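[1] How does the following fold in three dimensions:
(4 chains)
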Protein chains: 2
Amino acid sequence: MVSDRSLEVLRVIVQDYVESREPVGSKTIVDRHSFGVSAATIRNDMALLEEEELIVAPHTSSGRIPTDKGYRVFVDHLADLRPLTAAQRQAIETFLGQSADLDEVLARSVRLLSQLTHQVALVQYPSLSRAKVRHLELVPLTGTRILSVLITDTGRVEQRVIDLPRALDEAQLADVRARLSSVVAGLGMTEAAAALSAPADLVPHELEDVVGLITATLCGQIGANRHDKLVMAGAANLVRTEHDFTGSIFPVLEAIEEQVVLLRLFGEMATDQHGVSVSIGRENAPFGLGETSVLTSGYTSPGGNLARLGVLGPTRMDYSNNMAAVRAVARYLSSLLGEN
Amino acid sequence: MVSDRSLEVLRVIVQDYVESREPVGSKTIVDRHSFGVSAATIRNDMALLEEEELIVAPHTSSGRIPTDKGYRVFVDHLADLRPLTAAQRQAIETFLGQSADLDEVLARSVRLLSQLTHQVALVQYPSLSRAKVRHLELVPLTGTRILSVLITDTGRVEQRVIDLPRALDEAQLADVRARLSSVVAGLGMTEAAAALSAPADLVPHELEDVVGLITATLCGQIGANRHDKLVMAGAANLVRTEHDFTGSIFPVLEAIEEQVVLLRLFGEMATDQHGVSVSIGRENAPFGLGETSVLTSGYTSPGGNLARLGVLGPTRMDYSNNMAAVRAVARYLSSLLGEN
DNA sequence: GATTGGCACTCAGTCCTAGCGAGTGCCAAC
DNA sequence: GTTGGCACTCGCTAGGACTGAGTGCCAATC
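    Modelled structure (predicted):
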């Protein structure tokens, strides 16, 4: 059985190792922390922890480092969410405390998060599923090319170019726009898509083909919310922590640039909506990120739409600080977007 | 004086070094290329090249590697723009040959370019300076918050959230929109900004404050085109080439994430509009990129608006292939966007 | 004058060895 | 359950010898 003191030993091993990047030995522990027992006793505890596979010795007769399982226990039971410093709180306020459109807010959030944690930060765009269509615009660009612009009540703008088989004049286009607009205005995204797909007799017969193309595009535009988008910042931080990876960080960076992978990962972490959930090391192996940890938290965008944000870094990271930062930014972002 | 053969020697030194990453010696040269002279002769040529500071020996009695100046001569006089392979041409066609909106096209272009060159690729958004206002929309989000959407005849959409001091009802907003729209519609961006700044008596007196705020935002939106935006892809490639940097690539990645730096750099390379211009090594030192080379080419977006795209990598890169790729993508993109 | 073969020299990289020291595991004693 | 003692392991570092690719120089040759 793992005693209380053993767990305490695990905690300091994690903390010291994260700080120093060196395997930590029994002597170091008694020197730097007042356990009130001797090094030999600590060694016994460490033997226990090793038996439980919470720590491991990289080489015979060297200090110990935490295993993935050790980090897991640390995160679940031992980590105190270190409160942000005043400076960090201030950074959040000044960085995010100005109204701007969604793109801008998310871009700032992700930079902020990467600066607070010194890791790669990720922010997922909110899903549109619960948004409502606020406005639909069809703008002629050139003869047969028009731009369809869809604006939601959450302030998100989706645009798409449509090549028409033949030109429409201004009046015709305005007419089509008015008709379609009246169909979808105020509907939720899924209802809007359904309404557009239904065969509607509301356009003049001679325009049917053209309108069909437009509605098809609009449906695509609406459905596009599903393969969500995410923004990233702080890739340079991965290089800083390169030594924490056994091989090259090249595949890690590649996986990160491949948004699809991250979106799947985010999807699987969707439990525990507003707390911070943590995925450690091998738990991420299916995504090619077996040596990294990912901390995420959900946040709420206007209209109750959910999305996630978080950070990614080597398993050897400052969980206490980073979890607190992720939580703080998620909360602030929720309240900021919820204002609407 | 540098003889023709000496230059030929420089060429093979650059080519071999780029390929092998090893300093190349006289013996290697005579073995791998049929110069028809002995190693001693090559050594004499190399001594000449070294005197001209085109090559340098990293350690006494080792092979030679090109200096920045050597690369410069290579690029200016010796590099043959290696024509793209059939596979590369095909990649461009299939990757870009589908109509989509500007965001999408540029996103694809940048990924394509990074795959063709195995370097970090950059694409600058076209400046709006020559674009005309095609459409102006004001969409209510919540009580005092509206979204202004500006659409240009080039299909670009600029959005901005505006917090009003007090609420406008639908009719009022529609009225304001109609008036402002009639002022700016069809104008070029600079004229539009001027027209909006001019004190106009065209709104009811009681709305003046609100409208003032809106026009101010619109002007900002229009002016926003100047600090342009750029998209990047292939950051992972920098890691692959890490050994080519003396120190860490951390500062390089940082500089790249800082778009401002790159935009200035792009700005300074604006000569030679449609050819490929190359900035090598120390030439980029002011930007913190003293160990990298940047290849760019201008491309033309609809309406004759100019922007640049290019790649960035270590000075030791395959200039022949990369210049050809940059040129090809720029040309293809120009023709694609020019279709409009 | 350009080219060549010969030759002594340089020096980064590699392999080997020895010694150091942090840290462990075990055990008998408390 | 805790402790001090002790033999042992093994990664790390420093020094030394060796190797080999490559050079610079020179006198001889085309």
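
[2] how distant is the host helix or strand of A:Arg108 from the center of its chain?
    Taking DSSP states H and E as the definition, A:Arg108 sits inside helix A:102-117. Its chain's C-alpha centre and that of helix A:102-117 lie 11 Å apart, by C-alpha atoms, centre = their mean, to the nearest Å.

[3] Send over the next helix or strand after it as PDB, restricted to the C-alpha atoms.
    Next helix or strand after helix A:102-117 toward the C-terminus (DSSP H and E): strand A:120-124. Output of strand A:120-124 as PDB, limited to C-alpha atoms (Å, rounded to 0.1, in the frame of the first residue of the first chain):
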ATOM      1  CA  VAL A 120       1.800  25.500 -27.400                       C
ATOM      2  CA  ALA A 121      -1.700  26.900 -26.900                       C
ATOM      3  CA  LEU A 122      -4.800  25.800 -28.800                       C
ATOM      4  CA  VAL A 123      -8.300  27.400 -29.000                       C
ATOM      5  CA  GLN A 124     -11.100  25.700 -30.800                       C
END
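
[4] For the stretch 1-150 of chain A, which residue gets nearest to DNA strand C?
    The nearest approach of the stretch 1-150 of chain A to DNA strand C comes at A:Gly25, 2.9 Å away (C-beta to the nearest atom of the strand). Bear in mind the C-beta positions are built from the backbone N, C-alpha and C, glycine included.

[5] In this model A:Ile65 seems to touch that residue, though I could be wrong.
    No. Applying C-beta atoms under 8 Å as the test, A:Gly25 and A:Ile65 come out as separate, 10.8 Å apart.

[6] Which parts of chain A are strands?
    Remark: strands assigned in chain A by DSSP state E are A:55-56, A:65-66, A:120-124, A:133-142, A:145-152, A:157-163, A:230-233, A:276-280, A:292-301, A:305-314.

[7] could you dump the ones you listed to a markdown table with mean neighbour count, mean pLDDT and distance to DNA strand C?
    As requested, the strands of chain A are exported to a markdown table (neighbours: other C-beta atoms under 10 Å in any protein chain shown; pLDDT from 0 to 100; distance: least, C-beta to the nearest atom of the strand, whole Å):
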| stretch | mean neighbour count | mean pLDDT | distance to DNA strand C |
| --- | --- | --- | --- |
| strand A:55-56 | 20 | 96 | 9 |
| strand A:65-66 | 24 | 96 | 10 |
| strand A:120-124 | 27 | 96 | 31 |
| strand A:133-142 | 20 | 86 | 58 |
| strand A:145-152 | 24 | 87 | 57 |
| strand A:157-163 | 19 | 84 | 54 |
| strand A:230-233 | 18 | 93 | 36 |
| strand A:276-280 | 22 | 95 | 23 |
| strand A:292-301 | 25 | 92 | 24 |
| strand A:305-314 | 24 | 91 | 21 |
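
[8] in stretch A:190-197, what's buried?
    Buried positions in stretch A:190-197, judged by neighbour count with 16 or more other C-beta atoms under 10 Å in any protein chain shown: A:Ala192, A:Ala193, A:Ala195, A:Leu196.

[9] ok, of these, which one's closest to DNA strand C?
    Nearest member of the buried residues of stretch A:190-197 to DNA strand C, counting by C-beta to the nearest atom of the strand, is A:Ala193, at 61.2 Å.

[10] any low-confidence regions in the stretch 51-200 of chain A?
    A:99, A:199-200 (pLDDT under 70).

[11] rerun that using 90 as the cut-off
    Judged by pLDDT under 90, the stretch 51-200 of chain A has its weakly predicted residues at A:59-61, A:78-82, A:95-105, A:125-135, A:137, A:139-200.

[12] Please identify the residues of it in proximity to DNA strand D?
    A:His59, A:Thr60, A:Ser61, A:Ser62 (C-beta under 7 Å from any atom of the strand).

[13] Which residues are in contact with A:Asp244?
    A:Arg21, A:Glu291, A:Pro314, A:Thr315, A:Arg316 (C-beta atoms under 8 Å, 6 or more residues apart in numbering or on different chains).
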